[in-house]
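Colleague: I'd like to go over a predicted model; first the sequence, then the structure.
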Amino acid sequence: MALWIVLIVVAAIAGWVIVKYNSLVTLRNQVQNGWKQIDVQLKRRHDLIPNLVNTVKGYMEFEQDTLRQVVEARNAAVNAKGVADAASKEGELTAVLSRLFALVENYPQLKANQNVLQLQEELTSTENKISFARQFYNDIATSFNIAQQVFPGNIIANLLRFTLAELFEVTDAAERAVPTVDLSLKK
């Protein structure tokens, strides 16, 4: 009788280990999928930027430094390694793109150019998709990290050498700053 009890306990523990392992693997794969979804949108963004730069280049003769900064930031973002590096480089790219869009406002012929308007719209749409993909990634990465850190799952995670997922976060203090909005009609 005691042997049967021991066998049932061992079987229950083995079953629990298998279920916990499978849930950790599932979460890890969802984290990887979440990152790949961000990666797809970042690639689309990176592919749109050279088209935008080439379109505005002729109009913005005096803004070559800004265009160079956009290209350099894009190249750095393309070569980013890992979540933290990508978050940092993409933040820098977002900042120089914002400067470029602000400069476009100073060129009436660019504001009326259909190609520029279309590229700006596509970039804005892609930025929204990136934002949603980041949110999904962070949500699933957080679930994965929690599953590894709570008892008794942490025992299995440690034994099987699962590692915590990095979260996609804003590291640049300027990006965290609240924008100033002036709705006054004074000029």
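Modeller: Yep, it's here.
Colleague: low-confidence stretches in this structure?
Modeller: Applying pLDDT under 70 to the chain flags the ranges 62, 170-187.
Colleague: leaving out sequence neighbours, find the closest residue to the most centrally placed residue in the chain.
Modeller: Central residue of the chain (CA atoms, centre = their mean): Arg134, 4.4 Å from the mean position. Using CB to CB, 6 or more residues apart in numbering and skipping residues adjacent in sequence, the residue nearest Arg134 is Phe168, 4.7 Å away. In this view, the C-beta of every residue, glycine as well, is placed from N, C-alpha and C.
Colleague: does Phe144 really touch Val31, like I thought?
Modeller: Yes - with contact defined as CB atoms under 8 Å, Phe144 and Val31 form a contacting pair (5.1 Å).
Colleague: list the contacts of Leu93.
Modeller: If you count contacts by CB atoms under 8 Å, 6 or more residues apart in numbering, Leu93 has them with Arg45, Ile49, Val70, Ala73, Arg74, Ala76, Ala77.
Colleague: sorry, wrong one. I was asking about Thr142.
Modeller: Leu167.
Colleague: need the next SSE after the helix or strand harbouring it, C-terminal direction.
Modeller: Here Thr142 sits within helix 114-149, counting by DSSP states H and E. Proceeding N to C from helix 114-149, the next assigned helix or strand is helix 153-159, under DSSP H and E.
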